[in-house]
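*Asks:* curious how this folds, go ahead:
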Amino acid sequence: MKFFRILLFFFIGLLIIILIIAGVVKKTYSTEREVIINIPKQTVFSYIKHLGNLNKYSKWATMDESIQYSYKGNDGEAGFVYSWESDADGIGKGSQEITTIKEGERVESKIHIEKPFETNATSYFITDSIAPNKTKLKWGIIGKIKYPTNALLLVMNIDKIVGNDLGVGLDNLKVLLEKEPISPPLK
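*Replies:* Numbers count the residues shown, from 1 in each chain. Next up is the predicted model:
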């Protein structure tokens, strides 16, 4: 009986320590990657502003061939919603809604993930012309993790985990846009 009481106090103490740590650990994260694509800026922008095209280059879209997608609104315009659902690890269920488009320069969207855990983030693409046929494209995510789940930020390297996935997506996009004729946006 004494052993179980000691064990119980140990776990209660551990839980209290984790909750205290979570109270002082940051609750926000951000990551960004960039790529140079050898085509004009407007061509790149016209493609990336359509969220329906994400499933052609995003690393997450290639992780499960049976992902269920749904779309609401006019793709390429503020208010368009791109949703997904998958049972595969690392994909889960969520949606992304275009919130801001600064034509030719920036697309912002809000991401709401329901599974595997609930979180919200902001995603953005920024295009910059560095030559007539050369575009720098940045893809970033800024998010917030709720207390006490934010304690995971001590052991999870979001920049490495999510940032590397963004980098893979950008590399896929570069190959797609430089080698294949651009298909019309998803309707």
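
*Asks:* and for residue 67, the neighbour number?
*Replies:* The tally of other residues near residue 67 (other Cβ atoms under 10 Å) stands at 17. Quick note: C-beta positions are derived from backbone N, CA and C, even for glycine.

*Asks:* kindly report the same for residue 20.
*Replies:* So residue 20, with other Cβ under 10 Å, has 12 neighbours.

*Asks:* again, but for residue 131
*Replies:* Per other Cβ under 10 Å, the neighbour tally for residue 131 reads 11.

*Asks:* what sits up against the lengthiest strand in the chain?
*Replies:* Taking DSSP state E as the criterion, the chain has its longest strand at strand 119-131. Strand 119-131 is touched from outside by 36, 40-41, 44-45, 48-49, 96, 99, 104-113, 135-146, with contacts defined as Cβ atoms under 8 Å, 6 or more residues apart in numbering.

*Asks:* out of those, which sit inside helices?
*Replies:* For the contacts of strand 119-131, the ones inside helices are 41, 44, 45, 48, with DSSP state H as the criterion.

*Asks:* spit out the contact partners of the last one.
*Replies:* The contact partners of residue 48, by Cβ under 8 Å, 6+ apart, come to 107, 125, 127, 137, 173.
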